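Participant: following is a predicted model, sequence given first.
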Amino acid sequence: MKKALGAVYFRNFIFGVEDSLVSTVGLLSGVAIADVPRATIFLTGMVLIFVEAFSMGVGSFLSEHSASDFEGAPEKARRSIVWPALVMFVSYFVSGFIPLFPYIVLPVSAALAVSVVVSLLALFGLGAVSGKITKKSVVREGLRMLIIGGGAVLLGVLVGKMIGV
């Protein structure tokens with residue numbers, strides 16, 4: 001039971017950080033590449049971080065609750081799903097500021113590149129940490145997270161370029 005609960009915490013942490021980095025940098029890149037004012041980029045990022053962190057935490061809670069019901073778990077086991085949901089919320093919330101921060105301190109033209117690079121490095125680091133914890137290749141796991149997450153960043157940039165206002 002203890003190992004299974006640890007896996008739930010680990011899954012929620014990895015999912016929260018990865019989704020936050022990818023979603024936030026993808027959205028911000030797409031919006032920034034459309035040449036909108038810094039205030040619009042900042043507002044967009046803040047709304048995304050707050051709404052999605054809450055949504056991801058609630059989604060984690062509800063899905064784990066449904067899975068517990070499906071498995072016929074006792075009420076005590078159902079109560080243990082609150083903490084993993086909080087892990088999801090906090091990991092998403094905190095990580096979202098990694099791609100947003102450059103837009104706070106740099107001109108948009110520079111912030112776009114810095115946000116993407118820092119987020120990609122954070123994705124590699126997250127994959128490397130995951131690899132270390134799971135006793136897999138740190139480099140391979142880092143590269144996997146970087147490449148897959150980087151695809152979403154590229155998608156955000158391409159959509160922003162194509163639809164730019």
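Facilitator: Done, it's in.
Participant: please count neighbours and contacts with C-alpha atoms only from this point.
Facilitator: OK.
Participant: can you list the weak-confidence ranges in the chain?
Facilitator: Within the chain, the segments meeting pLDDT under 70 span 1-2, 4-5, 76-78, 164-165.
Participant: center of it - which residue?
Facilitator: Ser20 (1.9 Å; C-alpha atoms, centre = their mean).
Participant: my guess is it contacts Gly96. True?
Facilitator: Yes. Using C-alpha atoms under 8 Å, Ser20 is in contact with Gly96, at 5.2 Å.
Participant: which residues do those two both contact?
Facilitator: Listed as contacting both Ser20 and Gly96 by C-alpha atoms under 8 Å, 6 or more residues apart in numbering are Ile49.
Participant: picking that back up, so who does the residue nearest to the centre of the chain touch?
Facilitator: Contacts of Ser20 by C-alpha under 8 Å, 6+ apart are 49, 53, 91-93, 95-96.
Participant: which of those residues fall within helices?
Facilitator: 49, 53, 91-93, 95-96 (DSSP state H).
Participant: what is the nearest of the residues you listed to Tyr103?
Facilitator: Compare each of those with Tyr103 using C-alpha to C-alpha and the shortest gap goes to Gly96, at 12.3 Å.
Participant: and that closest one, how far from Ser63?
Facilitator: Distance, Gly96 to Ser63, using C-alpha to C-alpha, to the nearest Å: 22 Å.
Participant: ok, Leu143 next?
Facilitator: 29 Å.
Participant: the two - which one has more neighbours?
Facilitator: More neighbours surround Leu143 than the other of Leu143 and Ser63, with 21 against 13 (other C-alpha atoms under 10 Å).
Participant: what's the strand or helix carrying that one packed up against?
Facilitator: Using DSSP states H and E, Leu143 maps to helix 138-163. Using 3 or more C-alpha pairs under 8 Å, 6 or more residues apart in numbering; DSSP states H and E, the elements in contact with helix 138-163 are helix 2-33, helix 108-133.
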